[in-house]
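[1] Test case, fold it:
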Amino acid sequence: MELALGFEFEDSVFAQSRDRGRGGGCAAYTAKSCEPQWFCEDANSEDYVEILTAKKFRGDLAYRQQEFQKALYEYSSCLLLLPSTNVAMRRDVQEGQARCLAHLGRHQEALDIAEKLRNGATNTDHLTTVLNLQFAIYCHLKNIEKKITCLQQLISLHPFNPWNWKLLAEAYMSFLQTLPPSFISEMKHLQRKDCTANDHVFQTSPGLFGKEINLQCHKTLSGRQDVWSTLSTKRTRDKSVSYSDSHMVEGSLHITEECEVLDKMKHATFEFWGQEALKDVWIKACASFVRTRLLLQITQLQQSSFALDQNLKVQRETEDKVKGFGLKEESLLLITEVMGEDLIPEKLKEDGQGEIKCVGPSALTSSVTTSAIEFEGKWFKKLQDSLSL
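    Numbering: from 1, shown residues only. Have a look, this model is predicted:
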């Protein structure tokens, strides 16, 4: 009987197997044993790859030990030997150079390297690394606006990363700390002026999103501070200048030249953004903290051990910061709903796979939000339209 089509047997299946011997036909392999910090010694190796690897590792070790000048030398000497075809290692070494330069106060050189890396990026992993590098450099420069821009672009690439949202919320809070004392005093004055003893609710002026918004007002005896009190206290600690609730404490104030320069920068920022726009930052900071908490709650289901402990710790810290804004329960529920609208399991699963998309530089540029107005319109516009408690 003939077999049906597709059921023929291959003769090779029944052929006698080849005798591979005891070693299975493979050449003997002896693993290379390296002593700790083997790369620190000047070995006379003829292996080109080993020479480059040793220089790179020496730079990494020096950076870890905060010997940034030494690390910069090792990275630079390694880069001179690296062929142009070894793109991955060249980008890694150049990032190391930029980070060393930032620590050494040579910020413009660091930014120039970061810009070259960005122009040469060909996938989302490259762009993510560059944005993290630029964020680190702007942290050294204490440039809050640029830090916010980098974080907004990182979030455009990875909208479900809770740590970037946390950094963005903290950046917004830092931005609020650049306000001149008169602005903080005004906000606190508005809180007292419109606070009622019956329902413990105060009402801000029609500046926050152009609408009147009711926020929870805490009694002094409760021991809890509103966000403006917290900002005023922090400013006091940072500048060694004491303020009362609405005015400076009487007495002589000793302000250093550095503080005077800082004050000029803060007033310039205030004049540039305007009072109404700065009030918007307040709700953006709160919404970003809420988004952080939501994402941490989702990711904790997949974590254990020290990762889970860190997650829960940050959740508690974030919860305290959200409470510090003094929002009414209805306001907080609304913000939570809006900031969690896109948290669909299917989307989270796709983002969690960490797929690296290889595209051209122009396509990468269009994949991130370059405008603060565009980013904040996407994430916060609905809150502006909806908050009318």
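[2] where in the chain is pLDDT low?
    Per-residue confidence for the chain (pLDDT under 70) gives these ranges: 1-27, 33, 37-40, 42-45, 179-279, 345-370, 387-389.
[3] In it, what residue spans correspond to strands?
    Counting by DSSP state E, the chain has strands at residues 201-203, 214-216.
[4] what about the closest residue to residue 334 other than its chain neighbours, distance to residue 338?
    Closest residue to residue 334 apart from its sequence neighbours, by Cβ to Cβ, 6 or more residues apart in numbering: residue 386 at 6.1 Å. (Glycine included, C-beta is placed from N, CA and C.) From residue 386 across to residue 338, the span is 7 Å (Cβ to Cβ, to the nearest Å).
[5] now swap in residue 175 and tell me
    In terms of Cβ to Cβ, residue 175 sits 21 Å off from residue 338.
[6] Ok, residue 142 next?
    Taking Cβ to Cβ, one finds residue 142 at 31 Å from residue 338.
[7] Which one's more surrounded, the two?
    residue 338 (20 against 12; other Cβ atoms under 10 Å).
[8] quick one: contacts for the more buried one?
    By Cβ atoms under 8 Å, 6 or more residues apart in numbering, the residues touching residue 338 are 287, 382, 383, 386.
[9] ok, and the most crowded of the residues you listed?
    Counting by other Cβ under 10 Å, top hit in the contacts of residue 338: residue 287 with 25 neighbours.
[10] is it true that it touches residue 383?
    Yes - taking contacts as Cβ atoms under 8 Å, residue 287 lies within contact range of residue 383: 6.1 Å.
[11] Find residues that contact each of the two.
    With Cβ under 8 Å, 6+ apart as the test, residue 287 and residue 383 both reach 335, 338.
[12] Just give me the longest helix of the protein.
    The longest helix of the chain (DSSP state H) is helix 275-299.
[13] Return the set of buried residues in it.
    Buried residues in helix 275-299, counting neighbours by 16 or more other Cβ atoms under 10 Å, are found at 278-299.
[14] Between which two of the contacts of residue 338 is the distance greatest?
    The most widely separated members of the contacts of residue 338 are 287 and 386, with 11.4 Å between them, by Cβ to Cβ.
[15] just to revisit the earlier point, would you list the contacts of residue 338 in CSV and tack on distance to residue 102?
    Formatted as CSV, the contacts of residue 338 follow (distance: Cβ to Cβ, whole Å):
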residue, distance to residue 102
287, 30
382, 37
383, 35
386, 41
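[16] Out of those residues, the closest to residue 68 would be?
    When those are compared for distance to residue 68 (Cβ to Cβ), residue 287 comes out closest, at 37.1 Å.
[17] Okay, residue 125 and residue 135: tell me how far apart.
    Distance from residue 125 to residue 135, by Cβ to Cβ: 16 Å.
[18] And those two? Which one has more around it.
    Legend: neighbour count by other Cβ under 10 Å for residue 125 and residue 135, higher for residue 135 (21 against 16).
[19] Could you pull up the residues touching the closest residue to residue 311 other than its chain neighbours?
    Residue nearest to residue 311 in three dimensions, not counting chain neighbours: residue 300, with 4.8 Å by Cβ to Cβ, 6+ apart. Applying Cβ under 8 Å, 6+ apart, we find residue 300 in contact with 308, 311, 312, 315.
[20] hmm, try it at 7 Å
    308, 311, 312 (Cβ atoms under 7 Å, 6 or more residues apart in numbering).
[21] I'd say the second one and residue 303 touch.
    Spelled out, that is residue 311. Yes - with contacts counted by Cβ atoms under 7 Å, residue 311 reaches residue 303, the gap being 5.6 Å.
[22] who's more crowded, those two?
    Neighbours per residue (other Cβ under 10 Å) separate residue 311 from residue 303, with residue 311 holding more: 19 against 14.
[23] quick one: the more buried one from residue 144, how far?
    Taking Cβ to Cβ, one finds residue 311 at 27 Å from residue 144.
[24] Same question for residue 101.
    21 Å.
[25] the more surrounded of the two?
    residue 101 (23 against 19).
[26] show me the contacts for the residue nearest to the more buried one when sequence neighbours are not counted.
    In space, and not counting its chain neighbours, residue 101 is closest to residue 110: 4.0 Å by Cβ to Cβ, 6+ apart. If a contact means Cβ under 7 Å, 6+ apart, then residue 110 has 98, 101, 102, 137 as its contacts.
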